[in-house]
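**Q** Below is the sequence, then the predicted model.
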Amino acid sequence: MRFCEVKIKTLSPTIIPARRVERGYKGQLKYIPSTTLRGAILTSLYMQEYISLEEAKSIGGSYELLVSNAYILDGEFKSYPSHPFMYKCKIPHKDAEKSEEVFESKIFIYEYDVANALKSGIDPKFKFECSRGHAAIEYPHPQPVRKSDKGEEEFKEVDVKVQSMISVGISKRRATSQAGMLYEYDVMVEGQEFWCYIGTSRDDIYERIKSGLEIKIGRGISRGFGHSVLEKVKEISLDDLVEDLKTSGVAVEDRNIIFYSLSPLLEIDDLKSYKPYPSKLNLNLLMEICGVDEKAGVLEIKKVYGKGRTLHCGWDMYGNIRRPIFDHVASEGSIAVGSITNGGNIPLSLALLSLIGYPIKISQNYILTGINMLTPIQIHPFLWGEKT
């Protein structure tokens, strides 16, 4: 399987609504869901006759194409879902050097008492005051943030640019506006850029993605919304990621590891019985999915810190039915504590878990991807927050 980091650029206003209301769709998600993105890629490959309908259906129910959520790019900076150990003071602080007021933001998970508590399986203490004693702090988790220009310990909140639109319903009989038929939309402004991870076992699909695949995302495609293009595809070296994990010293059997989740977390026994996060992940299955002929251990997740959210699995366009919805699952940006037992190639299994997560087979024809993407947080200097 080949892995890449992809930039997605929106070419027209895009509708990925947060909720449906009586007169349209209001609110805009601050990311592109993996289910939406994967479906858009498969649809585009089929519509441009690179794959057949049967191939598209087959890939949809297999592990041949795995996609993560796509998060906003702010200039040269990639954004990430914020984790629970980030705070921002709501009272501006006076900057003595610049004679201006600034808002303090801090990532404090690296601090000894927090990191040591997590590794020891003890609930850490959260901050209730900023560095100047203001009891007016807020936690942005899981809103997107990026590295601050000021220092390693700080972050900057980012957001997608949104505008509201009102459309008039047209009478099919008279081809004129129809009274009482107003539709409201909150749309993502065109020209914004996102980033995501993609893994595929098919070289032909990889090469097509690499060549600049145009896709259509979200609602209102027939009215010109949602046109986007995949560009700046950068292949990821699995060897380099494995080396980073070895150097970090976290890839050790039976030792607690602090994980950051780039995606929601979920464990399914069946569609009626599920858990907000997995208790155990058999990493041998992950090796098989990626075509790696090596053994891996079992990741036992002991605790998770983060908010709950509702996970929508999208719409089956071919079957014209809604896919499952899971309530109260652990949100992207959550922090998990776990350890690996039964040995195997721990650095390699953790590298794969970071890039594609642990996909879930929902049904015979559908794989949920962009789920359970857990990374040892120490290999992310920005998310770890420690000064270098």
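**A** Looks like it arrived, so ask away.
**Q** what's the model's confidence in stretch 14-33, averaged?
**A** What stretch 14-33 shows for mean pLDDT is 83.
**Q** Please apply the same query to stretch 137-154.
**A** Stretch 137-154 comes out with an average pLDDT of 86.
**Q** how about the CA coordinates for that stretch, as PDB?
**A** Presented in PDB, the C-alpha positions along stretch 137-154 are these (Å, rounded to 0.1, in the frame of the first residue of the first chain):
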ATOM      1  CA  ILE A 137      -9.900  30.300  30.100                       C
ATOM      2  CA  GLU A 138     -11.600  28.300  27.500                       C
ATOM      3  CA  TYR A 139     -10.700  25.000  25.800                       C
ATOM      4  CA  PRO A 140     -11.100  25.000  22.000                       C
ATOM      5  CA  HIS A 141     -11.200  21.200  21.700                       C
ATOM      6  CA  PRO A 142     -11.900  19.900  19.100                       C
ATOM      7  CA  GLN A 143     -11.900  23.000  17.000                       C
ATOM      8  CA  PRO A 144      -9.000  23.300  14.400                       C
ATOM      9  CA  VAL A 145      -5.800  25.000  15.400                       C
ATOM     10  CA  ARG A 146      -2.400  25.500  13.900                       C
ATOM     11  CA  LYS A 147       1.100  26.300  15.100                       C
ATOM     12  CA  SER A 148       1.500  29.900  16.300                       C
ATOM     13  CA  ASP A 149       4.100  32.300  15.000                       C
ATOM     14  CA  LYS A 150       5.000  33.200  18.600                       C
ATOM     15  CA  GLY A 151       6.400  30.000  20.100                       C
ATOM     16  CA  GLU A 152       6.200  26.200  20.400                       C
ATOM     17  CA  GLU A 153       3.900  26.300  23.400                       C
ATOM     18  CA  GLU A 154       1.200  28.500  21.700                       C
END
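**Q** Pull out the buried residues from that stretch.
**A** Judged by neighbour count using 16 or more other C-beta atoms under 10 Å, the buried positions of stretch 137-154 are 137, 139-142, 144-148, 152-154. Every residue, glycine included, has its C-beta placed from N, CA and C.
**Q** Can you pull out the low-pLDDT segments for this structure?
**A** 23, 95-100, 150-152, 169, 171-172, 174-181, 271, 386-388 (pLDDT under 70).
**Q** which residues touch the nearest residue to Tyr277 once chain neighbours are set aside?
**A** Counting by C-beta to C-beta, 6 or more residues apart in numbering, Tyr277 lies nearest to Leu265, which is 3.8 Å off, once chain neighbours are set aside. By C-beta atoms under 8 Å, 6 or more residues apart in numbering, the contact set of Leu265 is Pro276, Tyr277, Pro278, Val304, Val329, Ala330, Ser334, Ala336, Ile371, Asn372, Leu374.
**Q** Can you name every helix or strand that the host helix or strand of the fourth one contacts?
**A** If I follow you right, that is Val304. Per DSSP states H and E, Val304 falls inside strand 296-305. Here strand 296-305 touches strand 280-282, helix 283-289, strand 335-344, helix 346-356, going by 3 or more C-beta pairs under 8 Å, 6 or more residues apart in numbering; DSSP states H and E.
**Q** the domain parsing of the protein - what is it?
**A** Annotated domains of the chain cover 2-77+161-235, 85-138, 238-384 [automatic domain parsing].
**Q** Closest to the centroid, which residue in this structure?
**A** Geometric centre of the chain, nearest residue: Asn69, 3.7 Å, by C-alpha atoms, centre = their mean.
**Q** Can you list the buried residues in the lengthiest helix in the chain?
**A** Longest helix of the chain, by residue count under DSSP state H: helix 34-47. By neighbour count on 16+ other C-beta under 10 Å, the buried set for helix 34-47 is 34-46.
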